[in-house]
Structures are given as structure tokens and as C-alpha cells.
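No sequence on hand, only this structure:
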């Protein structure tokens, strides 16, 4: 049973790419909360926010689908003077 802090995603939605692009953001599915960073899609140049990873996980790269155009990208997270910085690039770059 889901609590107020979590969202249960049906199995058929988890297996489809649709839930990743235009539905809840990934951290909303798992009830996570934290700081956010702005990312600019290298394909459509639209900006959106993603949750920053914990400081202990930096540096790290995530495979991610743009929340506007759904094209795949890699988001590289790093730390700069105590702040988390995110830079997106296309898969082929």
C-alpha cells in the first residue's frame, strides 16, 4: 500500500518509456526529495530540473531521457565549490 510519500507505478508502466517522459519525474516515483539542478537538453535545448545525486555519489553520470522531447542523453554531475553542477550531452558525444 502506498503512503503519501510514495507512488506505486504499475508494472506495465515501468516497462514502457512513456512513464519516464511525460508523467511523474523519476524521484516522485520513489518518494525521494532533495535539491534540484537545471539541465538543458542537447537535442531540443529546452531546460528542465532533475534531482541532484547525493554529494557522496559525485562525480557520476546518468542516462536520462529529456522530459520535453524524450530523446536520450547523458547527464554528468560534479561538484563545484560545494554545489552540484549538471551538464547534459547527447548519447553519441
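The structure has been received and is ready for your questions. Just so it is clear, the model here is predicted, and its values are computed rather than measured.

contacts for stretch 60-77?
Stretch 60-77 has contacts (CB atoms under 8 Å, 6 or more residues apart in numbering) with 17, 20-22, 25, 37, 39, 41-44, 46, 48, 50, 52-53, 57-59, 84-91, 93. Every C-beta, even on glycine, is put in place using the N, C-alpha and C of the backbone.

Which residues belonging to it are considered buried?
64, 65, 66, 67, 73, 74, 75, 77 (16 or more other CB atoms under 10 Å).

And that stretch, end to end?
With CA to CA, to the nearest Å as the measure, stretch 60-77 spans 5 Å from end to end.

follow-up on the earlier one: drop anything exposed from the contacts of stretch 60-77.
With burial judged by 16+ other CB under 10 Å, the buried subset of the contacts of stretch 60-77 is 20, 37, 39, 41, 42, 50, 52, 53, 84, 86, 88.

quick one: which of the contacts of stretch 60-77 sit in strands?
Counted as lying in strands by DSSP state E, out of the contacts of stretch 60-77, are 37, 39, 48, 50, 84, 85, 86, 87, 88, 89, 90.

For residue 76, give me phi and psi.
Dihedral angles phi and psi of residue 76 (degrees, to the nearest 10) take the values phi -100, psi 120.

Before I go, just wanted to say thanks for your time.
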